[in-house]
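[1] Got a sequence here, can you model it:
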Amino acid sequence: MSDPNKQVENIRQVRFNSIWLVPLIALMVAGWMLYQNWSSQGPVITLISANADGLEMGKTKLKSRNVDVGRVIDIRLSSDYEKAIIKVRMNHGTEQMLRDDAKFWVVKPRVGKEGVSGLGTLLSGAYIDMTPGSKGKLQTDFTLLSQPPLSTENEGVRLVLSSTEGSKLDVGASVHFRGYEVGYVEKVGFDAGKGAITYRVVIRSPYDALVNSESQFWMTPGLSFKSSASGFEVRLDSLETFFAGGISFGLPEGRLAGKAVNDLAEFRLFSSKESASNNMYDQFINYVFLFDSNVSGLKPGAAVEFRGVRIGTVLDVPFNGIPMDALTSLDTPVIPVRARIEPQRLYSLEASDAMSLQKWNVLIDDRVKKGLRATLIIGNYLNAAKVISIDFMDNPPPIKWKEFEGYQIFPTAPDAFANIETKVGNILDNLSQVPLNKTFEQLGQTMSEANETLRQLQEVSKSVKQLLDKSETQQLPADLAATINELNLTLETYQANGQIGRPLKENMVSLGRALNELQPLLRQLRENPNTLIFDSKPRADVQPRAAR
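    Numbering: from 1, shown residues only. Down below sits the predicted model:
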């Protein structure tokens, strides 16, 4: 008889329970999912940024050309708490995108001079965009850009412009050639050593061929208002430059194109096209002008003219290169002004027969000896802007200095207004020396004698009339009677009511009245000669009305 326990044990060893398949299949699926997840993952990269504004761990995506290529998996601060460290898990197959020239930036709503961008992120949230790298080695650490890159083009030429004047331009400002956009500002910095703002600009190909060693660059503000001796000038460029400003470049008029330039060639950036034109002359003679008159209205950049033709430029008003002790030691107070004579303005910049600076110095010295002097004149009476005018004078003032404190001096003369003031003063001095009292006494005596003469003529006329009325006179010959009649008519014309006597009396009376009215004016001019030009009574200040 067999043992039942043994049979049960044998059955248990042989039978397989199907319920065991469930956990086995679950383990296999889990393993397969883990393998798929591991095999589909790409490398983990690190992005370093100033902040993590708009980014969320586990939600923010990394895209390239609007295709998801990764996701943010971790955000934390750096060890010095100065930067944000962003970890991104890349998708499988994106390893070749991670080279040295790859660029990353955050896409979010932006409103700027380039327009409105990133509106799609208002609902979906910010994300990280990238430009795949194509050059350099593979790497996993990158710097997150604060702004989207302006361009991914590498063709063209990059230049470095430095400016010590004018307002600052922003990244993205356009670069124009004759009004056509050919490039943009890529980077803005500051050179502490030179004290200048630096701009790294990109000139796109094929327009980079327009740049050469003789090119000049200047700022083009959208709206400019200028007041000078030439008048008022208002200039409005395109709306783009009106809001963001821009840079223009070109070749100076009369100058030939130079050599081609290499990348990162340095140029000076001028504040305006006029400033660039005034600085293209590399041959000049510096002079110091010592003016003993008012220099108000003379500004740096004003013209130095010879009979209306510009031959130079004013540099400093006033010039601080001369010590104050040397100026105060002079008998007459003067204002030093530094300017330069630019002979190249009189002929082409590339002229082969141009005179040397040495010959120009000799020529100017010879003309100065013949009466060449510098004066201040008003170039524009609307804004009282002045220029330095150089011309010959008939009676030039003597030359006081040829050199002063190591600077070459150009002789000056009083300006036109000062000459007018001197002439008016001389006229008033001559008027003050006229013996008016004696003249008035003689005039009164003359008028009394004229009245007496007219009275005597009137009595003689009456006597002649009585003589003619007598019967004896009427019996005289006809010729003698006619002569007496003519004498009577002549005497009547000299009487007070006659044709000659009446106008003479009226003129004498008018002359006396005019001289009496002129006495207060002459007395005031003798006491205050400047009343002929300026108002004698000071004007009271206008009191502003109180607000209602």
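
[2] Distance of the closest residue to Ile128 other than its chain neighbours relative to Lys103?
    Setting aside the residues directly before and after it, Ile128 is nearest to Leu62 in space (C-beta to C-beta, 6 or more residues apart in numbering), at 4.6 Å. C-beta coordinates here come from the backbone N, C-alpha and C atoms, glycine included. Distance of Leu62 to Lys103, given as C-beta to C-beta, to the nearest Å: 12 Å.

[3] tell me, what's touching these two both at once?
    Shared contacts of Leu62 and Lys103, defined by C-beta atoms under 8 Å, 6 or more residues apart in numbering, are found at Met130.

[4] Between these two, point out the one with more neighbours.
    Under the criterion of other C-beta atoms under 10 Å, the comparison of Leu62 against Lys103 puts Leu62 first, with 23 against 16.

[5] surely the more buried one meets Asp68?
    Yes - here Leu62 reaches Asp68: they are 7.3 Å apart, a contact under C-beta atoms under 8 Å.

[6] Can you report how many residues neighbour Arg158?
    17.

[7] cool, the one 10 residues further on as well?
    When neighbours are defined as other C-beta under 10 Å, Lys168 has 11 of them.

[8] mind listing what it touches?
    Applying C-beta under 8 Å, 6+ apart to Lys168 gives the contacts Val188, Ile197.

[9] any idea how far Val185 is from it?
    Applying C-beta to C-beta, the value for Lys168 to Val185 is 11 Å.

[10] Ala102 too?
    Noted for Ala102: a distance of 23 Å to Val185, by C-beta to C-beta.

[11] worst-scoring helix or strand of the chain, pLDDT-wise?
    Ranked by mean pLDDT, DSSP states H and E, the helix or strand of the chain with the weakest confidence is strand 115-117, at a mean of 47.

[12] separation between the nearest residue to Arg204 once chain neighbours are set aside and Tyr207?
    Nearest non-adjacent residue to Arg204, counting by C-beta to C-beta, 6+ apart: Gly156, 4.5 Å away. Separation of Gly156 from Tyr207 (C-beta to C-beta): 7 Å.

[13] okay, and the common contacts of these two?
    Gly183.

[14] quick one, which of the two is more surrounded?
    A count of neighbours by other C-beta under 10 Å puts Gly156 above the other of Gly156 and Tyr207, at 20 against 16.

[15] mind checking pLDDT for that one?
    pLDDT, Gly156: 82.

[16] Tell me the spacing between Lys307 and Phe392.
    If you look again at residue 307, you'll see it is Arg, not Lys. Using C-beta to C-beta, Arg307 is found at 9 Å from Phe392.

[17] so where do the helices sit in the chain?
    4-14, 21-40, 121-124, 239-244, 273-278, 324-328, 357-369, 416-432, 436-469, 471-474, 478-493, 501-527 (DSSP state H).

[18] average model confidence for the fifth one?
    Spelled out, that is helix 273-278. 77.

[19] What are the buried residues along that helix?
    Ser275, Ala276, Asn278 (16 or more other C-beta atoms under 10 Å).

[20] Might you report the residue contacts of Arg71?
    Arg71 neighbours (C-beta under 8 Å, 6+ apart): Gly58, Lys59, Thr60, Lys61, Leu62, Val88, Arg89.

[21] List the beta-bridge partners for it.
    Applying DSSP bridges to Arg71 gives these bridge partners: Lys61, Arg89.

[22] quick revisit: gap between the residue nearest to Ile128 and Asp129?
    Taking C-beta to C-beta, one finds Leu62 at 8 Å from Asp129.

[23] Give me the nearest residue to Arg99, chain neighbours excluded.
    Once flanking residues are discounted, Arg99 sits nearest to Gly133: 3.1 Å by C-beta to C-beta, 6+ apart.

[24] Can you give me every residue that contacts the one you found?
    Met97, Leu98, Arg99, Asp100, Asp101, Ala102, Lys103 are the contacts of Gly133 under C-beta under 8 Å, 6+ apart.

[25] Same question for Met57.
    By C-beta under 8 Å, 6+ apart, the neighbours of Met57 are Val72, Ile73, Asp74, Ile75.

[26] if we can go back for a sec, any chance of the buried residues of helix 273-278 in CSV, with distance to Ala260 too?
    Shown next, in CSV, are the buried residues of helix 273-278 (distance: C-beta to C-beta, whole Å):
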residue, distance to Ala260
Ser275, 26
Ala276, 21
Asn278, 26
